Each structure stands twice: as C-alpha cells, then as structure tokens.
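Trainee: pasting the structure only:
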C-alpha cells in the first residue's frame, strides 16, 4: 500500500491499484508496461503543447543551474517573472495590466477574491464583500474556491460555507444575476466569478450575449467582472484568453494550467490597470498577500517558452480548427445507447454527455472503459466525459481519438 494520498480519490479503492503513467510523447502517454494511451484530456486540461518539448526542458535546466528560484517579496525579483508578466499583459485585453503570480489555479482564485476586497477597501468601499458565482462552476479547492464552486459534492462535508458572502446563481441565467444583486444590495457586491466555458462542471458554454449582460450587470452595480481562465487561457479556446475572444474587458483574469502546460506549477492573476492603479501609485498601500513560490524563476522560464511555442506553431488558430474537427470525430458516438449527445465547447473543448439516468456509476465506468481502449478522459459534472486534447493534435489523431472513444463506450 502506497503512502501517497491521491486528490479526489476514494482511497479505499485506489490505495492498492493506482494507474501509473510512466512517460509522455506528443499527445500520448505510456504506462509502466509500455501500453500507449491517447491523452484526450491533456492531463488535467493543461498539456496544450504536448509532452516531451525539449525546448522547455532545456530552458528550465539552464535557469535551474543558474538560479532555480529566489523569492520576490518586497523589492526582490529575478528576470523571468518580470519578462513573463510583460508577455502576459501584452496579450491580455488591457495592455497596461499588471500580473501577480502564484503556484496554480486555486492560488489564483483566492488571490483574485482577496485582491478585489482589498481594492474596494483601498478606494473607500469596504462594504463590498459579496461575490456571485455560478452553479456547475469550479474555481479550485482553496477555501475561497471551495465556497465559490457550484459543484455540490465539492462543497459538502466541511461544516457549511467556508467563506461568507458568496451567492450562487444558475450558470446560464443572466436575469438571476440581476436578482442576486438586488437581493444583497448593489453597494455590497464585490464581483462575479465567471468561466466563459464551464470546465469541470461539464464543458458548458454560454451565449456571448449572456457574458456581456452579466458583465454589464456587475459593472452597473459597481462590482468587478472576474474571468476565471484557469482552463480557457493560453490557447484552449482559440485565443490567449476567452476574455479576448468574447471582448469582455474583465477587471481581473485568473490563469494557470496552460501557462506552463504542466512543465512547472504556476498560476496568477491579471489585474486591469484600473484595479492595479491605487496599489502602484498610493504611498503606503500594500497588498499583503503572496506565496513562497510567487514568481518562481524556473517556472516562469517554462511559461516564456510555452508562449514562444504557441506563437511559433500557430496553436491559437489550431485550437479554433479543432473545435469542428473534435465535434465531427465524436458525433458518431451519439448512435450509442449510452451517449445522450456530444456537447460542443469553444476551441478544443467538448464533452461526451452520457445517458446517466439513475446509474451514478456510469461516468466513472465509462472513463475506465475508454482508458482500457487506449484513450484517457475523465468524468465531469453532470455525467459527461471530458475532451480537451493537446492543441498539437493533427487531423489523423483527432480521428483516432474518436475511434478509441467509440471502442471504449461500445464495450459498456
């Protein structure tokens, strides 16, 4: 029995039989017996540029030999996070944005929530403490993210809400946001967290008009529009950020996953120039927040190389092409009794929605059957299977992916 405690795992089942992934190559991974699997989920949404990218590894090695990391508290810094922040700001909706780094997406969400509340305190509106979030949303598993999340199983068992002043609304009802604002009082609203395409909650896109209406509602109330792009950022939807694609001009953007594509842990928040202004121009005003590895030098070098690859290989455009290719490759699955429909996302995002009914075990069994057939996916909220492959996938590999899903689901 291993001493390792797996995240989100029923350890009574997993403890004696973990599935060991041994190595990766392109869009494939291999187990310890040498069996090959097409990674249709890009690990946990993040392997956008594929496995085995020597240019990233070489750059990280060179930085680690020179200086693996040094903290960036107060006036300390190293060159890589400064350079990466400039690159990220340059592709964000507000080119004058500032970037605050952490270690991952959950860090990013907690940072965004605290920054929003600290901002309002700094500008004389400390009563703005309420956040609105959406059902089916996933915003990480730190204390704020757990309460902001709209997937009920992730919220139970902790003795109620871990953070006060969070209101959940339906994920696709813009009028419900207006009602929530009216209920709590516009003067108390700090902001709303929005995934332009809900990820772990089932790959659930919403109309562009919904996003615009919600943004205008929250702005009219005086709150902040916070675009959670931990999944959708860095090419996944066909742009650097979904906020660019949908012209949202958010106040804050959270990011992680694709920024380093798993080659190192990294995440952060892009703060618009308006939100950053008081902290950068008011003597004595400090955002007393940060992590040991904020601005980790070697992780930021990985981020710089990932951005180089995305630009050089045209992966933003490739993600837009993959939207139709993936949908067409999965469409034949709708002929299976076990499949309800294929849910098309944006860019390289889709879900195989299963006919779950009363069989709550079906999604897990379906993911296991697909793995046995040679394609890796996982169950997402509402009884679907995640499809979010590396953006480097070619047409033949997309076809292969569809065939492997068909083989796996046919075996149920």
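Mentor: That came in fine, so what should we check first? Computed from a predicted model, the values in this text were never measured in an experiment.
Trainee: For residue 316, grab phi and psi.
Mentor: phi -70, psi -50 (degrees, to the nearest 10).
Trainee: correction: residue 255
Mentor: Dihedral angles (degrees, to the nearest 10) for residue 255: phi -150, psi 160.
Trainee: And residue 29, by the same measure?
Mentor: Torsion angles, degrees, to the nearest 10, at residue 29: phi -130, psi 160.
Trainee: isn't it right next to residue 39, touching?
Mentor: Yes: judged on CB atoms under 8 Å, residue 29 makes contact with residue 39 at a distance of 5.4 Å. Where C-beta positions appear, they are placed from N, C-alpha and C, glycine not excepted.
Trainee: of these two, who's got more company?
Mentor: A direct count of neighbours by other CB atoms under 10 Å for residue 29 and residue 39 places residue 39 higher, at 23 against 19.
Trainee: That one: what's it in contact with?
Mentor: Applying CB atoms under 8 Å, 6 or more residues apart in numbering to residue 39 gives the contacts 24, 27-29, 47, 51, 376, 389-390.
Trainee: what's the answer for residue 408, then?
Mentor: 366, 369-375.
Trainee: Same check on residue 67?
Mentor: 78, 297.
Trainee: how close does residue 78 sit to residue 29?
Mentor: Separation of residue 78 from residue 29 (CB to CB, to the nearest Å): 32 Å.
Trainee: Check residue 11 too.
Mentor: For residue 11, the distance to residue 29 - CB to CB - is 23 Å.
Trainee: so how many other residues sit close to residue 145?
Mentor: 28.
Trainee: right, and it touches residue 107 too?
Mentor: No: using CB under 8 Å, residue 145 makes no contact with residue 107, being 9.3 Å away.
Trainee: In the chain, mark out all the helices, start to finish.
Mentor: 11-14, 42-45, 54-66, 79-90, 105-122, 143-148, 174-184, 208-220, 242-245, 273-281, 297-312, 315-330, 362-373, 395-410 (DSSP state H).
Trainee: Of all these, which one comes closest to residue 266?
Mentor: Closest to residue 266 of the helices of the chain is helix 297-312 (CB to CB; 4.3 Å).
Trainee: what does stretch 212-221 contact?
Mentor: 132, 174, 177-178, 181, 186, 189, 191-192, 194, 224-225, 246, 248-250.
Trainee: circling back: for residue 29 and residue 39, list the residues in contact with both.
Mentor: Common neighbours of residue 29 and residue 39 (CB under 8 Å, 6+ apart) are 51, 376.
Trainee: Map the structural domains onto the sequence of this structure.
Mentor: 11-52+314-410, 55-312 (automatic domain parsing).
Trainee: returning to that earlier point: looking at neighbours, which among the contacts of stretch 212-221 is most surrounded?
Mentor: Result: residue 250 is most packed of the contacts of stretch 212-221 (other CB under 10 Å), 31 neighbours.
Trainee: Got phi/psi on that one?
Mentor: Dihedral angles (degrees, to the nearest 10) for residue 250: phi -70, psi 160.
Trainee: one step back: and which of the contacts of stretch 212-221 is nearest residue 381?
Mentor: Once CB to CB is applied, the member of the contacts of stretch 212-221 that ends up nearest residue 381 is residue 194, at 16.2 Å.
Trainee: How about the contacts made by the nearest residue to residue 77 once chain neighbours are set aside?
Mentor: Closest residue to residue 77 apart from its sequence neighbours, by CB to CB, 6 or more residues apart in numbering: residue 295 at 7.0 Å. By CB under 8 Å, 6+ apart, the residues touching residue 295 are 71-72, 77-78, 80-81, 101.
Trainee: now, the most widely separated pair of those residues?
Mentor: Distance extremes for the contacts of residue 295: the farthest pair is 71 and 80 at 13.4 Å, using CB to CB.
Trainee: Look at the two and report which has more neighbours.
Mentor: residue 80 (22 against 16).
Trainee: State the distance from that one to residue 95.
Mentor: 20 Å.
Trainee: Ok, residue 233 next?
Mentor: 16 Å.
Trainee: picking up where we left off before, out of the contacts of residue 295, name the ones that lie in strands.
Mentor: residue 101 (DSSP state E).
Trainee: Compare the contacts of residue 295 and tell me which is most surrounded.
Mentor: residue 101 (27 neighbours).
Trainee: For that one, give me its contacts.
Mentor: If you count contacts by CB under 8 Å, 6+ apart, then residue 101 has 72, 81, 84-85, 266-268, 294-296, 300 around it.
Trainee: Quick check: end-to-end length of stretch 231-249?
Mentor: Stretch 231-249 has an end-to-end distance of 18 Å (CA to CA, to the nearest Å).
Trainee: again but with stretch 96-109, I slipped
Mentor: Span of stretch 96-109 from end to end, CA to CA: 21 Å.
Trainee: go on, stretch 192-201?
Mentor: Note: stretch 192-201 ends 17 Å apart using CA to CA.
Trainee: now do stretch 240-248
Mentor: Span of stretch 240-248 from end to end, CA to CA: 13 Å.
Trainee: And that stretch, what's buried?
Mentor: 240-246, 248 (16 or more other CB atoms under 10 Å).
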